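K.L.:
Got a predicted model here, sequence first, then my questions.
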Amino acid sequence: MCGRKTALVSPKPGMTRDRREARAEICDREYVVIDTAGLEEAPAESLQGRMMKQTDVALTSADLVLLVVDGKSGVNPADRYFVDKIRKLRKAAILVVNKSDADRGDVGYFEAMKLGMEPTVHVSAEHGLGLDELYPAIDAHFAESVSLDEEEKSGKKETLKISIIGRPNAGKSTLTNA
């Protein structure tokens, strides 16, 4: 999304431990993209609990949430928990099924659709596949949030905050960098 390496990518889960913000331009609009640590339920005093607190801050401050699920491993109870959390916060969201570059990714995509989040987009952030579907979905949210007339009258461009959340190693940082 940012077109450059701004987020740490590793095959080892849990490498991103705080929020990382970067500017991005998508469909000729400016965005602040917030990469987050993996979503894990844990005691508040633990490292994972503190990481989750950082994710909660990003989630509550976001204008749009991209919930990233792993298309290869499929949907698990943690994904369902965070779908419910997004709904309770009444946040605009896009479900992003990542790692959809192989046949197994398609199975994960159809499984993810059962979560009932719309829109649902499947991508391979590592290979840049599906971003041509994701970017218009992001832009459509912007168009709904801020009318172009309001933007022109105020004389300044609005900047949306997009938080990217999901389980560890779902591909959040790879998507941020794509």
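P.N.:
Received the coordinates, thanks.
K.L.:
pLDDT wise, what is residue 93 at?
P.N.:
At residue 93, the model reports a pLDDT of 95.
K.L.:
Repeat that for residue 13.
P.N.:
pLDDT at residue 13 comes out at 52.
K.L.:
Residue 34 contacts residue 21, doesn't it?
P.N.:
Yes: using CB atoms under 8 Å, residue 34 is in contact with residue 21, at 5.2 Å. C-beta here means a position set from N, CA and C on the backbone, and glycine is covered the same way.
K.L.:
between these two, which one's more packed in?
P.N.:
residue 34 (26 against 14; other CB atoms under 10 Å).
K.L.:
got the phi/psi numbers for that one?
P.N.:
Taking degrees, to the nearest 10, you get phi -120, psi 110 for the backbone angles of residue 34.
K.L.:
Just list whatever residues bridge to it.
P.N.:
Judged by DSSP bridges, the bridge partners of residue 34 are residue 21, residue 163.
K.L.:
show me the contacts for it.
P.N.:
Neighbouring residues of residue 34 by CB atoms under 8 Å, 6 or more residues apart in numbering: 19, 20, 21, 58, 61, 62, 161, 162, 163, 164.
K.L.:
rerun that using 10 Å as the cut-off
P.N.:
Counting by CB atoms under 10 Å, 6 or more residues apart in numbering, residue 34 touches 7, 19-22, 54-55, 57-59, 61-62, 65-66, 161-165, 172, 176.
K.L.:
Looking at these, which are in strands?
P.N.:
20, 21, 22, 65, 66, 161, 162, 163, 164, 165 (DSSP state E).
K.L.:
pLDDT averaged over stretch 120-137 - what is it?
P.N.:
90.
K.L.:
Now do the end-to-end distance for it.
P.N.:
9 Å (CA to CA, to the nearest Å).
K.L.:
how far out from the middle of the chain is it?
P.N.:
From the chain centre to the centre of stretch 120-137 is a distance of 11 Å (CA atoms, centre = their mean, to the nearest Å).
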